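Enquirer: Provide a 3D model corresponding to the input given below.
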Amino acid sequence: MQSLLTNRRRRSRRRGMSLVEVMVVIAIILTLMSILAFGVFSIFNESKIGTSRLQMMKIAERVDVYMLRKKKPPGSGDGLSVVYGSEPVPTDSWGNEFVYLSPGPNGKPYDLISLGADGAEGGEGENADLLLSEPE
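Expert: Next comes the predicted model:
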């Protein structure tokens, strides 16, 4: 009977978790958080690409209105500042200026290019160039 009481007392004293158990729980939580963070950041980067494409379409609308009024697109030397006048020319999602080319490829009157996150030609992923003349 006494050994039964002693076993109960020992079990009642052990109420917390051991250091190893706490470390395992923390490791599991950190692993789950890193998986979630990776997913959130990839969605965030995709949204920046989509936002830049939408901004390019808005700029294209302004250039089209300019072309209706002036009967020609602005020259590459004039750039988008002629279209926007005193307003600031919008930038892409990464804060880089859009590249305006006139004439554009394949006989189009103009083209808009975002150089991506790195601000340099070429690249892959979020560093890839976005061209108005090339749909997604």
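Enquirer: can you name the next helix or strand after the lowest-mean-pLDDT helix or strand in the chain?
Expert: Across the helices and strands of the chain, mean confidence by mean pLDDT, DSSP states H and E is lowest for helix 2-13: a mean of 60. Scanning the chain past helix 2-13 towards its C-terminal end, the next helix or strand to appear is helix 19-70 (assignment: DSSP states H and E).
Enquirer: point to the residue nearest the middle of the chain.
Expert: In the chain, the C-alpha nearest the mean C-alpha coordinate belongs to residue 45, at 2.3 Å (CA atoms, centre = their mean).
Enquirer: pLDDT at that residue, what is it?
Expert: Here, the pLDDT recorded for residue 45 equals 82.
Enquirer: what's the nearest residue to residue 80 once chain neighbours are set aside in contact with, if anything?
Expert: With CB to CB, 6 or more residues apart in numbering as the measure, residue 89 is the residue that lies nearest to residue 80, at 4.7 Å, once sequence neighbours are left out. In this view, the C-beta of every residue, glycine as well, is placed from N, C-alpha and C. Counting by CB atoms under 8 Å, 6 or more residues apart in numbering, residue 89 makes contact with 79-81, 97-98.
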